[in-house]
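Q: attaching a predicted model along with its sequence, questions to come.
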Amino acid sequence: MAAIKSDIVVVGAGIAGAGVAAELAGDNSVTILEMESRPGYHSTGRSAAMFAMNYGNDPIKKLNRASWQMFHELEPEFFPHAVLTDRGVLHVANLAERTELEAFVAASDDIELLSVAEAKEMVPILDTDKCVAAGWEQGAKDLDVAAVHQGMLKKAKVRGADLVCGAPVENAERTDEGWLVSTSKGQFEAKIVINAAGAWADEIAQIFGVAPIGFQAKRRSIATLPSPDPSNSHRWPMLLSASEDWYMKPDAGSLLVSPADEDVVPPHDVFVDDMVLAEGLHRFSEATTYEIEHVEGSWAGLRVFAPDKTPVCGYAPTVEGFFWLAGQGGYGIQTAPALSLLAAKLVMKSDLPDFADAQLIADLSPQRFK
Ligand SMILES: Cc1cc2nc3c(=O)[nH]c(=O)nc-3n(C[C@H](O)[C@H](O)[C@H](O)COP(=O)(O)OP(=O)(O)OC[C@H]3O[C@@H](n4cnc5c(N)ncnc54)[C@H](O)[C@@H]3O)c2cc1C
């Protein structure tokens, strides 16, 4: 069977691959290769679905700010309803975490200190014997991840991109014009390959003869607990411990509780470690009056970090036609609009968007690992 030709092959149909494909399609022929039978099966389909402007390091915050604007200007034909809805985050501290919380609030523009009584009014299960300080981040939102991801895939498709699922990239060779990429679903030729393979990004790089970055995939688990007050809890904000060693987010009639685990694991179809989950649920129950009797369900996903915790976005410095778009950590959904646009502009070597100052480009560049 002859190889299918396009200008650009994108490896991975998570939010990163979908987003950059949506930006590039139309002006370029684009093929997205996804190893699973459906897109979004790994990290993208397993997130906590939050947008928090203050979350992440400086480069991430620049992408957050730009994405905030872009989330409000999405094209209605692909994103028919608002993808951000009110939630807020209540940062809570026990005695040992108090100084950390106060320093965090002081360094943030839009988080205000609340009294413990005010915090309990918002989330009645908060244990006021344990909680000594609280910070209110009103601007944090729920993100409709499925709508963002599906909207990006639809935009890519309408602009002519092809999505091939069940097509794990297994081999790659250089050709006169670019790359010949082999999968179990046939061969694909392209001038440029974009590595948006999430936890597998280093493995993909090695297939293309590119030195790995040294990404670490960190497991993060979430349990679903029955809400003690289903008719009101959907309005509660997210609770986040000041040292980020647990969080709780209302979700429909349930509560999602995470131990905020960060154990490094190999890239795989990750599942929950029961002991880690139990320890995290214990920390949650210590900080609240919630008594855990029954866990409705649980899942785990991978948060993928470069050694400096900053995403990698740019051409590999030593191998032609290979572009990195990986390492979005715990921010890959909320930064997706800005990072997708920036990646597409860098791929095409065209004018950069206004938010992309020289420092941001340098911070994201794979050159920093040379
Ligand atoms: C529990 C949890 C909570 C999170 N909460 C948030 C949050 O609240 N807000 C936020 O912004 N972010 C959050 N994140 C982070 C966010 O989910 C990720 O940053 C984002 O999904 C990464 O997207 P991606 O496309 O890079 O990776 P993925 O979604 O993993 O996509 C990579 C794709 O590449 C494919 N692939 C791999 N190897 C191959 C191959 N050889 N051939 C073809 N395809 C291949 C995979 O199958 C996969 O579909 C959270 C993550 C977790 C785990």
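A: Perfect, I can see it now.
Q: how near is the closest residue to the ligand within the stretch 101-250 of the chain to residue 28?
A: Using Cβ to the nearest ligand atom, the closest approach of the stretch 101-250 of the chain to the ligand is made by residue 198 at 2.8 Å. In this view, the C-beta of every residue, glycine as well, is placed from N, C-alpha and C. Distance, residue 198 to residue 28, using Cβ to Cβ, to the nearest Å: 22 Å.
Q: just to revisit the earlier point, gap between the residue of the stretch 101-250 of the chain closest to the ligand and residue 100?
A: Residue 198 is 30 Å from residue 100, where distance means Cβ to Cβ.
Q: okay, how far is it across stretch 283-298, tip to tip?
A: The first and final residues of stretch 283-298 sit 17 Å from each other (Cα to Cα, to the nearest Å).
Q: helix/strand/coil for the spatially most central residue of the chain?
A: Relative to the mean C-alpha position of the chain, the nearest C-alpha, by Cα atoms, centre = their mean, is the one of residue 332, at 2.4 Å. For residue 332, the reduced secondary structure class is coil; criterion used: DSSP: H, G, I helix; E, B strand; the rest coil.
Q: I'd say it and residue 15 touch.
A: Yes - using Cβ atoms under 8 Å, residue 332 makes contact with residue 15 at a distance of 5.7 Å.
Q: is any part of the helix or strand encompassing residue 239 close to the ligand?
A: Assigning secondary structure by DSSP states H and E places residue 239 in strand 238-241. No - contact of strand 238-241 with the ligand (Cβ under 6 Å from any ligand atom) is absent, the minimum separation being 9.2 Å.
Q: which element follows that strand toward the C-terminus?
A: strand 247-251.
Q: quick check: mean pLDDT across that following strand?
A: Regarding strand 247-251, the rounded mean pLDDT is 97.
Q: coming back round to it: now the residue of the stretch 101-250 of the chain closest to the ligand: phi and psi?
A: Per-residue torsions, residue 198: phi 60, psi -130 (degrees, to the nearest 10).
Q: and it, how many neighbours?
A: A count of nearby residues for residue 198, using other Cβ atoms under 10 Å, gives 28.
Q: which residues touch it?
A: Neighbour list for residue 198: 12, 14, 16, 42, 43, 44, 267, 302, 304, 326 [criterion: Cβ atoms under 8 Å, 6 or more residues apart in numbering].
Q: excluding covalently adjacent residues, which one is nearest to the residue in the stretch 1-150 of the chain positioned nearest to the ligand?
A: For the stretch 1-150 of the chain, the residue positioned closest to the ligand under Cβ to the nearest ligand atom is residue 14, at a distance of 2.2 Å. Taking Cβ to Cβ, 6 or more residues apart in numbering, and ignoring the residues beside it in sequence, residue 14 has residue 44 as its nearest neighbour in space, at 3.9 Å.
Q: wait, doesn't that neighbour sit right on residue 328?
A: No - in this structure, residue 44 sits apart from residue 328 without contact. The criterion is Cβ under 8 Å, and the distance is 9.8 Å.
Q: so for those two, which residue has more residues nearby?
A: Neighbour totals were compared for residue 44 and residue 328, and residue 328 leads with 30 against 25 (other Cβ under 10 Å).
Q: check what pLDDT the more buried one gets.
A: According to the model, residue 328 carries a pLDDT of 98.
Q: just give the closest residue to it, not the sequence neighbours.
A: Nearest residue to residue 328 in three dimensions, chain neighbours excluded: residue 311, at 5.0 Å (Cβ to Cβ, 6+ apart).
Q: for that neighbour, list the residues it contacts.
A: Residues in contact with residue 311, defined by Cβ under 8 Å, 6+ apart, are 59-60, 63, 325-329, 331-332, 335, 339, 364.
Q: any idea which of those residues is the one closest to the ligand?
A: When these are ranked by distance to the ligand (Cβ to the nearest ligand atom), residue 332 comes first, at 2.1 Å.
Q: give me phi/psi at that closest one?
A: phi -70, psi -30.
Q: so who does it touch?
A: Residue 332 sits next to 14, 15, 16, 43, 44, 47, 311, 339 when contact means Cβ under 8 Å, 6+ apart.
Q: sweet, I'm off.
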